[in-house]
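J.: got a structure for you, letters missing:
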Ligand SMILES: CC(C)[C@H](C(=O)O)[C@@H](O)C(=O)O
Ligand code: SF4
């Protein structure tokens, strides 16, 4: 919804401002969410929460559901139902639970027999569900992908999934603005995947923490939409909340004719394009962080270690710990080399690979498959390659590739041609690496154990993965086929001058829409009295044993590996916390890991001395596992955004202590086995005798919620009036955002089987503590 500010603003500032339903004095905003994608892994607990509270889904017409993470990618020729097709019990339960939930809540669902099924971040854009200027969320960190359309798209945890389902809003704060400008020309053979790997190598995995990155510059402008999606997809690997690219003719061209986009050529389309054309940063807009890169400096880039920032040009060698000045990075390099089975100084092109995976939400679209097919056409995979897989991002990508004969090119070369899904990107289904196997992968994460316990991942572009399959080792694509970067065709879609954009609506119009017909009634909370809340235990002060952990960039795959994400409950995950670090391969405890040692088995606090705790996936299972283990507070120099958010939603407190000396003192207390006290009321950390070690900052709204044991949904539902007003305004100004085509409003959502009256009163919760003044 357009706003009328005059101060120079960034693209992010504009989209954020256009979605504010309410803003509190401390900067906490209630943000309207236009588009919600849902998958099986991060939703069961959210739907359960809704059921317990007797709450329906507010906007089924803005919600799209699919299965992707758990499903097998084997042939579906014999497919009858998820129940009979999925062999693995927990995966099956997670998928069938989702199917029950979509029926119960009347949601649109692309199941395994639907051609439109695929990875959430592939199907959203493909269907035109993702549109410029929208807010897009999903219980998945790679929601950042959708920012390629100039939407504000970010991953959320399961508690927030529940919040969005119930209220179509989120409580959030403004992020910083960061600009990554890539100018010049890309050399031949360099793709957008190389660009983003290079960027992460430059800024580091925490480089974008607390920020939304706007990617711009002549290199970005020339990229196709699919290439832009690969870049925004990996902004989360640079620690950013989201990545955005201003929409342009290439964007509009891509959206033409998509089922859920406004109908091409209609007056609504022209109006939409006129609005979308306003979505760019003002020339004098200020950024908090600026990074300028020259396209000509980028060459095919590949990862060598266990973090996406561990990258080198393909012409480089395996680094040595001596190459890093920072002691934490030296240590991380040592560990990574050991895990990856690599020796410093060895040329990257001398490293043989065992498996090749071309797929994932980063690189499984038609252009990716075309680029890979161009490399393998008429060739055979090398004898040492045990398995080479092509996993299209959606059923429609698969169909398109088959119509172009790409499947034949791949299978003739010895590749497997699979069905759509996340597959070996994280191996929640049977597609995994065996221990020590090395994989050339087009995915986005190379964390320890990501593609299979002890498996070794090298991230790269589709062309580079394809050539690795042919030569059997990491290879410089430029020595084989020289592909030019994907340039997009630019065709004007609509004369934006002719169809000028009409900004704010009149009060009269707003009043008229607020008097909504019955079919347009928003689904309001059907449980008692407009605002109820399950509540959380209050957090005032916590005193207890603190466990010291000397690690940087602890990712959520390490806090809880993928095999434990198959649960449909929030509880019982304590034994899985830090699984790979806590247990040996034979299941026995690793006595060297701190949480296996004496008093630390009862730790209530975790003191992490390295930065960027909780990076990577949005899985709320990470804080659930820590909480179930007994840890309610984590102290660290910095946190990844989604993890930080997720802890608060569970009544836990993440404390940032950036003062190195103070952090060292807390870690020393922890190492000595003395108790530490975290006093939230006074915002101080104290030693066992009550002496203050350091003061800390916390958002006042979050503090209020924690100290009063309030949960957000109950509070937000008190804002029903403002949400309705926002929705009415949205229907007038940007009518294409109300569900259209098969998502048309009222066609399904009314069919909810949730009956609040049938929900026992005790399950509906009650508001605890004083509700906040809105
Ligand atoms: C399962 C989901 C929570 C997770 C994510 O958030 O990224 C997954 O998609 C991943 O890539 O690790
Ligand atoms: S990163 Fe991998 S697991 Fe996560 S959504 Fe993308 S394809 Fe699926």
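T.: Nice, thanks for sending it over. None of the values given here were measured: they were computed from a predicted structure. Ligands and ions are numbered 1, 2, ... in the order given.

J.: Please count neighbours and contacts with C-alpha atoms only from this point.
T.: Fine.

J.: pLDDT value on residue 509, please?
T.: pLDDT recorded at residue 509 is 54.

J.: Any idea how many residues pack against whichever residue of the stretch 51-200 of the chain sits closest to ligand 1?
T.: At 3.5 Å from ligand 1, residue 140 is the closest residue in the stretch 51-200 of the chain, using Cα to the nearest ligand atom. Residue 140: 26 surrounding residues under other Cα atoms under 10 Å.

J.: which residue is nearest the middle of this protein?
T.: residue 141 (1.0 Å; Cα atoms, centre = their mean).

J.: give me every residue that touches residue 632.
T.: 604-605, 626, 651-653 (Cα atoms under 8 Å, 6 or more residues apart in numbering).

J.: quick revisit: for the residue of the stretch 51-200 of the chain closest to ligand 1, which non-adjacent residue is spatially closest?
T.: residue 155 (4.8 Å; Cα to Cα, 6 or more residues apart in numbering).

J.: Contact partners for that neighbour?
T.: 137-144, 241, 618, 642.

J.: Return the member of those nearest to residue 121.
T.: residue 143 (6.4 Å; Cα to Cα).

J.: residues touching that closest one, list them.
T.: Contacts of residue 143 by Cα under 8 Å, 6+ apart are 121, 136-137, 153-155, 233, 242.

J.: For the stretch 601-750 of the chain, give me the ranges with low pLDDT.
T.: 746-750 (pLDDT under 70).

J.: For it, what lies in contact range of ligand 1?
T.: With Cα under 6 Å from any ligand atom as the criterion, the stretch 601-750 of the chain comes near ligand 1 at residues 617-619.

J.: Kindly write the PyMOL command that selects the buried subset of those residues.
T.: To isolate the buried ones among those in PyMOL, judged by 16 or more other Cα atoms under 10 Å, type:
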select buried, resi 617+618+619
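
J.: and the residues of the stretch 601-750 of the chain next to ligand 1 as CSV, adding secondary structure?
T.: Output for those, formatted as CSV (DSSP: H, G, I helix; E, B strand; the rest coil):
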residue, secondary structure
617, coil
618, coil
619, coil
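
J.: returning to what we had before: kindly state the pLDDT recorded for the residue of the stretch 51-200 of the chain closest to ligand 1?
T.: 98.

J.: returning to what we had before: narrow the contacts of residue 143 to those in helices?
T.: 121, 233 (DSSP state H).

J.: May I ask which of the contacts of residue 143 has the most neighbours?
T.: residue 242 leads the contacts of residue 143 on contacts (other Cα under 10 Å) with 33 neighbours.

J.: ok, now which ones touch that residue?
T.: 143-144, 147, 152-154, 211-213, 232, 235-236.

J.: Tell me how far the residue nearest to residue 140 lies from ligand 2.
T.: 10 Å (Cα to the nearest ligand atom, to the nearest Å).

J.: Residue ranges in this structure under the pLDDT threshold?
T.: Ranges of the chain meeting pLDDT under 70: 1-5, 481-534, 746-774.

J.: near ligand 2, which residues of it?
T.: 69, 142, 360-361, 422, 425-426.

J.: Which strand residues bridge the residue nearest to residue 140?
T.: For residue 155, the beta-bridge partners under DSSP bridges are residue 138.

J.: follow-up on the earlier one: which of the residues of the chain next to ligand 2 are close to ligand 1?
T.: Counting by Cα under 6 Å from any ligand atom, residue 142 from those sit close to ligand 1.

J.: now the residues of the chain next to ligand 2 as a markdown table including secondary structure and neighbour count?
T.: Converted to a markdown table, these look like this (DSSP: H, G, I helix; E, B strand; the rest coil; neighbours: other Cα atoms under 10 Å):
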| residue | secondary structure | neighbour count |
| --- | --- | --- |
| 69 | coil | 25 |
| 142 | helix | 29 |
| 360 | coil | 26 |
| 361 | coil | 28 |
| 422 | coil | 30 |
| 425 | helix | 28 |
| 426 | coil | 26 |
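
J.: Reformat the residues of the chain next to ligand 2 as TSV; add distance to residue 403.
T.: Listed next are those as TSV, based on distance: Cα to Cα, whole Å:
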residue	distance to residue 403
69	26
142	29
360	21
361	21
422	22
425	25
426	28
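
J.: Do a quick rundown of the strands in the stretch 51-200 of the chain.
T.: 63-66, 108-110, 135-138, 152-155, 169-172, 176-183 (DSSP state E, counting those that start in this stretch).

J.: List the strands paired with the fifth one, with their directions.
T.: Paired strands of strand 169-172, with direction, are strand 29-32 (antiparallel) (DSSP bridges).

J.: tell me the SS of residue 581?
T.: Once three-state DSSP is applied, residue 581 turns out helix.

J.: tally of neighbours for the closest residue to it other than its chain neighbours?
T.: Closest residue in space to residue 581, ignoring its immediate chain neighbours: residue 593 at 6.5 Å, by Cα to Cα, 6+ apart. Using other Cα under 10 Å as the criterion, residue 593 is surrounded by 14 other residues.

J.: measure residue 593 to residue 549 for me?
T.: When distance is defined by Cα to Cα, to the nearest Å, residue 593 is 9 Å away from residue 549.

J.: picking that back up, what's the separation between the residue nearest to residue 581 and ligand 1?
T.: 24 Å.

J.: ok, that residue touching residue 578?
T.: No - at 9.3 Å, residue 593 does not count as touching residue 578 under the criterion of Cα atoms under 8 Å.

J.: could you pull out the helices for the stretch 101-250 of the chain?
T.: Residue ranges of the helices in the stretch 101-250 of the chain, as given by DSSP state H, counting those that start in this stretch, are 120-127, 158-167, 192-203, 218-221, 225-233, 249-255.

J.: no wait, the stretch 451-600 of the chain
T.: Going by DSSP H, counting those that start in this stretch, the stretch 451-600 of the chain shows helices at 462-471, 507-514, 556-559, 579-582.

J.: which outside residues touch the longest one?
T.: Contacts with helix 462-471, where a contact means Cα under 8 Å, 6+ apart, come from 300, 353, 355-358, 363, 368-369, 371-373, 375-376, 379-382, 385, 388, 440-442, 474-477, 480.

J.: mind checking how far it is from the chain centre?
T.: For helix 462-471, the separation from the chain centroid amounts to 27 Å (computed by Cα atoms, centre = their mean, to the nearest Å).

J.: Same check on stretch 691-702?
T.: With Cα atoms, centre = their mean, you get 28 Å for stretch 691-702.

J.: Buried residues, that stretch. List them.
T.: 693-695, 702.

J.: Give me the residues contacting it.
T.: Stretch 691-702 has contacts (Cα under 8 Å, 6+ apart) with 26, 28, 648, 655-657, 662, 665-666, 683-687.

J.: what about 6 Å?
T.: Contacts to stretch 691-702, defined as Cα atoms under 6 Å, 6 or more residues apart in numbering, come from residues 683-686.
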